[in-house]
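# What shape does this take:
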Amino acid sequence: MATRLTTWGNGVGVRIPRELMVSQGLEVGQEVELVPTPDGVMIRTSVPRFNLADLASQMIPGNQPEIIDFGAPVGEES
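This next block holds a predicted model:
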């Protein structure tokens, strides 16, 4: 499927035909990644990046896991 690069502000944009967006489950405003490949550029959906601090900050008393005590260290794991 061919499309054309167009000027968009100080950058360049690519128009994706609606049929392709629908068939690939893409939505307007969705974040995507541009990945350089030996054959050109691949556009793929972004994978959310999580870090422990962000996830832990969302914990509330109702969704904290039960603390399990496995006893004192037995070997070199401490």
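
# what residue is smack in the middle of the protein?
Val47 (1.8 Å; Cα atoms, centre = their mean).

# how much space between that one and Ser23?
20 Å (Cβ to Cβ, to the nearest Å). Where C-beta positions appear, they are placed from N, C-alpha and C, glycine not excepted.

# and what of Met1?
From Met1 to Ser23 the distance is 10 Å (Cβ to Cβ).

# Please identify which of these two sits among more neighbours.
Ser23 (9 against 6; other Cβ atoms under 10 Å).

# quick one: buried residues of stretch 36-43?
Within stretch 36-43, not a single residue qualifies as buried, counting by 16 or more other Cβ atoms under 10 Å.

# Just give the nearest non-adjacent residue to the residue nearest to the centre of the chain, would you?
Glu33 (8.0 Å; Cβ to Cβ, 6 or more residues apart in numbering).

# Report the buried residues of the lowest-mean-pLDDT helix or strand in the chain.
Least confident element among the helices and strands of the chain, by mean pLDDT, DSSP states H and E: helix 52-57 (a mean of 88). Residues of helix 52-57 classed as buried: none (neighbour count, 16+ other Cβ under 10 Å).
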